[in-house]
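**Student:** Make a model of this:
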Amino acid sequence: MIAQQDTLQNLIHHIILKGIQPLVVEKDTYALIKDPVFGIARNRVIAEILKALLRINVQGTEHLPEKLAAYLCQTQNADGSWNEIHPNYDQPSALITSIVGEALLMIHQETQDKKIKHAVDKAVRYVTSQGNKNGYFLKSEHYTADHLNVDATCGAFLSTYGHLCSDENCIDLARQTAKHICRNQCANGSYPYTIDRGNYSQILDIPCIHYQGVTLFYLSKIHSVIQEDWLQNNLEQGAKWLVSTQKANGTFDWSQSGLLLSYYLTGAYAFSYASLIYVSQWNNTYNKHAEGCLKVFQQNVDHLALRWERETWWTFPTALVIALKTSLIGNYPVKHRCFRLGYALYRQYARRGLTTAPLKDPLFKMIVKSFRMNYSVIESSRNFYDLFMTSESLDCFTQSLQWRCSRG
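**Tutor:** Numbers count the residues shown, from 1 in each chain. Below is the predicted model of the structure:
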């Protein structure tokens, strides 16, 4: 176990020093991190890297947290929200506000900066305004369905704020959010991506390996505050389904994952690692599964993490079968199943190449247009090193180290 932690710490240091630092743009009073592919500065990415830097000491970066926090305070909207900044849209989001709010709450614990605390308080008011007593939070105007991973993320922020700032209302709302997620967990332990249609063309009530890890990760944060037995049981059931999709070599069987927009994402291994580390406090067997996740992640990172799990062309015939199995998950009309098959095949093709050039996705656009689908995700016909996957992975890995330390 100590060897695994040493491996993880070395990996984190390597990514921050070799992958992140070259992308930092420093000014006199603030700093931001610019995406090397899309040329944008995402609030979420900056917040996740800020959290990582606050949890682990990396020589040469000691001055960065306060500068990154200053930038985030500057980009907060008047209503307390932060925008989800994406190559295809830029909108206020309760999801992003929760992630940024948590990062600023963490640095406020160290600096006691009143300006930062004011920003966090405004963020709490915005997030609570986007939720209801049933535990549902509106992700953004662009996405109106009830995403359980979004609910978990917002609930985690409110539970942490409630714990650190003695706000019982926030803790109660986080508890209701966790109950809402648990009520909608499937009998096999998986969490559906959405439980209603919202403004999607279809209800995405299908299992997803990546978002299983995401939901477990943020639910674990809620549990660390409320310590409810029913939530522990839910986490263990969720972890049981997650490891049931893992092969002996640590990779996931993606034929069991039905959400194509998160198909083969490398971040799945980071979220799963952290989630399994958390539940291992009740069952040590999860440590072995977590170790498998870490090994696969290491195979898919250089200075930054790849967007998708890499693969060779030799295995492409097998990938056709996997894609077909994936397309059959869920209760969808024939037209949508055909789109799902086309999307899955496209991803199997894309992850077997590599590019460092600016991304253009004419093939994916053609697939979407052919089936008259409305998709805002960015797709590339080649795999690439992705700052977005890297930042959320750093958040997960450093959080897992903190959970380990808290157990002694």
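**Student:** What's the local residue count around residue 365?
**Tutor:** 12 (other C-beta atoms under 10 Å). (C-beta placed from N, C-alpha, C; glycine too.)
**Student:** Now it: which helix or strand?
**Tutor:** Using DSSP states H and E, residue 365 sits within helix 362-370.
**Student:** for the helix or strand just after that helix, the distance to its chain's centre please.
**Tutor:** Downstream of helix 362-370, the next assigned helix or strand under DSSP H and E is helix 387-407. Mean-position distance between helix 387-407 and its chain equals 11 Å (C-alpha atoms, centre = their mean, to the nearest Å).
**Student:** Against which helices or strands is helix 387-407 packed?
**Tutor:** Packing partners of helix 387-407 (3 or more C-beta pairs under 8 Å, 6 or more residues apart in numbering; DSSP states H and E): helix 2-14, helix 43-55, helix 209-226, helix 267-279.
**Student:** buried residues in that helix?
**Tutor:** Buried positions in helix 387-407, judged by neighbour count with 16 or more other C-beta atoms under 10 Å: 387-401, 403-404.
**Student:** Shouldn't residue 250 be within a strand?
**Tutor:** No - counting by DSSP: H, G, I helix; E, B strand; the rest coil, residue 250 falls outside a strand, being coil.
**Student:** if I look at it, how far off is residue 295?
**Tutor:** 5 Å (C-beta to C-beta, to the nearest Å).
**Student:** Looking at the two, which is more packed in?
**Tutor:** Neighbour count, other C-beta under 10 Å: between residue 250 and residue 295, residue 250 has more, with 20 against 16.
**Student:** helix or strand for the closest residue in space to the more buried one that isn't next to it in sequence, which one?
**Tutor:** Among residues not flanking residue 250 along the chain, residue 292 sits closest, at 2.9 Å (C-beta to C-beta, 6 or more residues apart in numbering). Following DSSP H and E, one finds residue 292 within helix 286-298.
**Student:** coming back round to it: and the helices and strands packed on helix 387-407: which comes nearest residue 127?
**Tutor:** Distance to residue 127, taken as C-beta to C-beta, is lowest for helix 209-226 among those, at 13.0 Å.
**Student:** Would you tell me what the next helix or strand after that closest one is?
**Tutor:** Next helix or strand after helix 209-226 toward the C-terminus (DSSP H and E): helix 229-244.
**Student:** got the angle between that next one and helix 267-279?
**Tutor:** Here helix 229-244 points in a direction 140 degrees away from that of helix 267-279 (axes from the mean of the first three to the mean of the last three C-alpha atoms, to 10 degrees).
**Student:** Number the chain from 9, please
**Tutor:** Yes, from this point I'll number from 9; that puts the last item at helix 237-252.
**Student:** how big is the angle separating helix 237-252 from helix 217-234?
**Tutor:** 150 degrees.
**Student:** outside of helix 237-252, which residues touch it?
**Tutor:** 186-187, 189-190, 193-194, 196-199, 215, 217, 220-221, 223-224, 227-228, 230-231, 280, 283-284, 286-287, 290-291, 294, 297 (C-beta atoms under 8 Å, 6 or more residues apart in numbering).
**Student:** Check stretch 323-332 too.
**Tutor:** So stretch 323-332 is contacted by 262, 263, 319, 349, 352, 353, 355, 356, 357, 360 (C-beta under 8 Å, 6+ apart).
**Student:** ok, now with 7 Å
**Tutor:** With C-beta atoms under 7 Å, 6 or more residues apart in numbering as the test, stretch 323-332 has contacts from 262, 263, 349, 352, 353, 356, 360.
**Student:** now stretch 212-220
**Tutor:** By C-beta under 7 Å, 6+ apart, stretch 212-220 touches 157, 198-203, 246, 249-250, 253, 260, 262, 264-267, 270, 273, 275-276, 279, 337-338.
**Student:** roughly how far out does that stretch sit from the chain middle?
**Tutor:** Distance of stretch 212-220 from the chain centroid (C-alpha atoms, centre = their mean) equals 12 Å.
**Student:** Ok, stretch 87-95 next?
**Tutor:** Centre-to-centre, stretch 87-95 and its host chain are 16 Å apart (C-alpha atoms, centre = their mean).
**Student:** from what I can see residue 276 touches residue 223, true?
**Tutor:** No - Residue 276 is not in contact with residue 223 according to C-beta atoms under 7 Å; the separation is 11.9 Å.
**Student:** Can you report how many residues lie near the residue lying closest to residue 12 once chain neighbours are set aside?
**Tutor:** Take residue 12 and drop its neighbours on the chain: the residue closest to it by C-beta to C-beta, 6+ apart is residue 299, 5.7 Å away. For residue 299, the count of nearby residues is 18 (other C-beta under 10 Å).
**Student:** Quick check: the gap between residue 299 and residue 404.
**Tutor:** 15 Å.
**Student:** got it, and residue 385?
**Tutor:** According to C-beta to C-beta, residue 385 stands 21 Å off from residue 404.
**Student:** try residue 54
**Tutor:** Going from residue 54 to residue 404 by C-beta to C-beta gives 16 Å.
**Student:** Just the buried residues of stretch 329-342, please?
**Tutor:** By 16+ other C-beta under 10 Å, the buried positions in stretch 329-342 come out as 330, 331, 334, 335, 337, 338, 340.
**Student:** same check, this time on stretch 108-126
**Tutor:** Residues of stretch 108-126 classed as buried: 108, 109, 110, 111, 112, 113, 114, 115, 116, 121, 124, 125 (neighbour count, 16+ other C-beta under 10 Å).
**Student:** what's the helix or strand encompassing the last one packed up against?
**Tutor:** Under DSSP H and E, the secondary-structure element containing residue 125 is helix 122-137. Under the contact criterion of 3 or more C-beta pairs under 7 Å, 6 or more residues apart in numbering; DSSP states H and E, the helices and strands touching helix 122-137 comprise helix 72-82, helix 102-119, helix 156-173.
**Student:** among those, which is nearest residue 132?
**Tutor:** helix 156-173 (5.5 Å).
**Student:** Would you mind giving both backbone torsions of residue 91?
**Tutor:** Here is the backbone geometry of residue 91 (degrees, to the nearest 10): phi -80, psi 150.
**Student:** residue contacts, residue 402?
**Tutor:** Residue 402 sits next to 20, 23, 56, 57, 60 when contact means C-beta under 7 Å, 6+ apart.
**Student:** and of these, the nearest to residue 98?
**Tutor:** Nearest to residue 98 out of these is residue 56 (C-beta to C-beta; 18.1 Å).
**Student:** contacting residues for that closest one?
**Tutor:** Counting by C-beta under 7 Å, 6+ apart, residue 56 makes contact with 107, 399, 400, 402, 403.
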